[in-house]
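Student: Here is a sequence together with a model predicted from it:
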Amino acid sequence: MTANLLDFDLEGLAAFCEQLGEKRFRAVQLFRWIHQKGAANFADMTDLARSLREKLPGVCTIADLPVLSRQDSTDGTIKWLFDVGDGNAVETVFIPEDDRGTLCISSQAGCAVGCRFCSTGHQGFSRNLTTGEIVAQLWHAEHFLRRHLKKGGERVITNVVMMGMGEPLQNYSALVPALRVMLDDHGYGLSRRRVTVSTSGVVPMIERLALDCPVALAVSLHAPNDALRDDLVPLNRKYPIAELLDACLRYLPAAPRDFITFEYCMLDGVNDQPEHARQLLELLKGHGERGVPCKINLIPFNPFPDSGLTCSPRPVVLRFGQILNEGGVVTTVRKTRGDDIDAACGQLAGDVLDRTNAASRLAQRRETTARPIRIVRKERQA
Ligand code: SAH
Ligand code: SF4
């Protein structure tokens, strides 16, 4: 089988080159051609020995993902729909801002976690993406954008967030080499602070990430107590909030930033009341000896068909944020970008061949669970 060179971090490429009888510095050259210059053809790699240039096409490829569609928002946001085969498609979103360019990357076709408020979760799960498919989203977007936005070879994407489709920490073995390609000075050279893994809370993998490749961590919290979080983020039943916060505390010494970002999706009448905010403050400030150093990012819920949920009204979001800020936890409200092309958080739906029946399971849950505003407190000890 021919290898896809996008599947390799630099170490992997060096091992591959070694098998071909090539020295390590050839791997560095090759890696730079692919990731820094965006070369897709070996013939273009003029400083590689001719013998190697001729050998490579027979044993490997640089496999781009086929583009099913590209949509450009009026605010500059760009969304790609990539074909990953077997009826599956994943989405990637570029979000330009004054001082940065962020790429939001998918890690799976679908997602098995099945959060109530997430369009990807409603679609169910098909499969993990390979390292090559994760890296190809960056490779394709960066070199497309360089060609279209800028004249020179200047870098366009300065930040990566693993916040597209899928739960990155449920695809750990493919994720880590992809992160290494992003960080490598011979690759995209992104600093650890500018690469963020967002997770719904796969506790054991948070611990492994601290050892293998500590990048910025965002945790999708969405609720201040287990009863509510069990309902919104089903993974909470396996890894409840206290365990998740412990994992965050253990992650911090290795993290490139001295805080964890908590994401909190604002759902009208579900988790958005002042009492929830106060409970959240209590939770985060009261955990461990000195609380969990963190920032909170409130995400206004982005609706999608059949979710059965609506976004909290703006004044409610602002009031919630104010309570948190006044309570000493820095809180921001995420701007919605790419709304006109359904590229906002949680709207990424791609097209997934559901192998888990998630859609019908979620429909069932919607019918059987009421949605009262549940504020559950632990009994305090006298
Ligand atoms: N699976 C990972 C990363 C992908 S989701 C995770 O859950 O963290 C990226 C972020 O978008 C998460 O915080 C997620 O909770 C949020 N999100 C999902 N659906 C959303 C929606 N409909 N509106 C707003 N945010 C949403
Ligand atoms: Fe999966 Fe994240 Fe969506 Fe939950 S919010 S279903 S973990 S992609």
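Tutor: It's in. Ligands and ions are numbered 1, 2, ... in the order given.
Student: what about dumping the CA coordinates of the strand or helix carrying S173 to CSV?
Tutor: Using DSSP states H and E, S173 sits within helix 172-183. Output of helix 172-183 as CSV, limited to C-alpha atoms (Å, rounded to 0.1, in the frame of the first residue of the first chain):
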residue,chain,number,x,y,z
TYR,A,172,-6.3,10.2,20.5
SER,A,173,-3.8,8.1,18.5
ALA,A,174,-4.5,10.0,15.3
LEU,A,175,-4.7,13.4,17.1
VAL,A,176,-1.3,13.4,18.7
PRO,A,177,0.8,13.1,15.6
ALA,A,178,-1.4,15.7,13.9
LEU,A,179,-0.8,18.1,16.8
ARG,A,180,3.0,17.5,16.4
VAL,A,181,2.8,18.4,12.7
MET,A,182,1.1,21.7,13.7
LEU,A,183,3.7,22.5,16.4
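Student: Which residue lies nearest the spatial centre of the protein?
Tutor: In the chain, the C-alpha closest to the average C-alpha coordinate belongs to M162, at a distance of 1.8 Å (Cα atoms, centre = their mean).
Student: measure it to ligand 2 for me?
Tutor: As judged by Cβ to the nearest ligand atom, to the nearest Å, M162 and ligand 2 stand 10 Å apart. Where you see a C-beta, it was placed from the backbone N, CA and C, and this is true even at glycine.
Student: residue contacts, the closest residue in space to that residue that isn't next to it in sequence?
Tutor: Spatial nearest neighbour of M162, excluding adjacent residues (Cβ to Cβ, 6 or more residues apart in numbering): P168 at 4.3 Å. Contacts for P168 (Cβ atoms under 8 Å, 6 or more residues apart in numbering) come out as S107, Q108, M162, L175, V197, S198, T199.
Student: quick one: the strands in the stretch 51-200 of the chain?
Tutor: 60-61, 67-72, 78-85, 88-97, 100-104, 108-110, 125-128, 159-162, 195-199 (DSSP state E, counting those that start in this stretch).
Student: To E142, which of these lies closest?
Tutor: strand 100-104 (7.6 Å; Cβ to Cβ).
Student: Wondering if that closest one reaches ligand 2 at all.
Tutor: No - Strand 100-104 lies out of reach of ligand 2 by Cβ under 6 Å from any ligand atom, never closer than 11.5 Å.
Student: can I assume E18 sits in a helix?
Tutor: Yes - if the criterion is DSSP: H, G, I helix; E, B strand; the rest coil, then E18 is within a helix.
Student: give me the number of residues near it?
Tutor: 13 (other Cβ atoms under 10 Å).
Student: I'd like the numbering to begin with 766 instead of 1 from here.
Tutor: That works, and once the first residue is 766, the last one we named lands at E783.
Student: Just list what the helix or strand harbouring R1043 packs against, helices and strands only.
Tutor: R1043 belongs to helix 1039-1051 when assigned by DSSP H and E. Applying 3 or more Cβ pairs under 8 Å, 6 or more residues apart in numbering; DSSP states H and E, one finds that helix 1039-1051 contacts helix 1006-1016, helix 1079-1091.
Student: and the helix or strand just after that helix, average pLDDT?
Tutor: Using DSSP H and E, the helix or strand that follows helix 1039-1051 towards the C-terminus is strand 1059-1065. Strand 1059-1065 comes out with an average pLDDT of 97.
Student: Tell me how far R958 lies from T895.
Tutor: The gap separating R958 from T895 is 26 Å, by Cβ to Cβ, to the nearest Å.
Student: Compare those two (neighbour count), which wins?
Tutor: Per other Cβ under 10 Å, whichever of R958 and T895 has more neighbours is T895, with 19 against 12.
Student: ok, and the closest non-adjacent residue to that one?
Tutor: A939 (5.6 Å).
Student: The one you found - how many residues pack around it?
Tutor: If we define neighbours as other Cβ under 10 Å, then A939 has 19 of them.
Student: what's the answer for the one 4 residues further on, then?
Tutor: A943: 30 surrounding residues under other Cβ under 10 Å.
Student: can you list the weak-confidence ranges in the stretch 1016-1147 of the chain?
Tutor: 1109-1147 (pLDDT under 70).
Student: how about a cut-off of 50?
Tutor: Judged by pLDDT under 50, the stretch 1016-1147 of the chain has its weakly predicted residues at 1131-1147.
Student: count of neighbours near L1074?
Tutor: Neighbours around L1074, by other Cβ under 10 Å: 18.
Student: element containing it?
Tutor: L1074 belongs to no helix or strand when assigned by DSSP H and E.
Student: hmm, back to that, surely the residue nearest to the centre of the chain meets S872?
Tutor: Yes - assessed by Cβ atoms under 8 Å, M927 is found in contact with S872 at 5.7 Å.
Student: Now for those two: what residues contact both?
Tutor: By Cβ under 8 Å, 6+ apart, the residues touching both M927 and S872 are P933, L940.
Student: ok so, going back, what's the spacing between the residue nearest to M927 and S871?
Tutor: Counting by Cβ to Cβ, the gap from P933 to S871 is 9 Å.
Student: ok so, going back, ranking the strands of the stretch 816-965 of the chain by burial, who's on top?
Tutor: Mean neighbour count, computed with mean count of other Cβ atoms under 10 Å, is highest for strand 873-875 among the strands of the stretch 816-965 of the chain, reaching a mean of 30.
Student: My guess is N1036 contacts H987. True?
Tutor: Yes - using Cβ under 8 Å, N1036 is in contact with H987, at 6.3 Å.
Student: neighbour-wise, which of those two wins?
Tutor: Taking other Cβ under 10 Å, N1036 and H987 do not tie; N1036 has more neighbours (30 against 27).
Student: can you pull the contacts of the closest residue in space to that one that isn't next to it in sequence?
Tutor: Among residues not flanking N1036 along the chain, A988 sits closest, at 5.3 Å (Cβ to Cβ, 6+ apart). A988 sits next to R994, D996, L997, V998, N1001, I1006, N1036, H1041 when contact means Cβ under 8 Å, 6+ apart.
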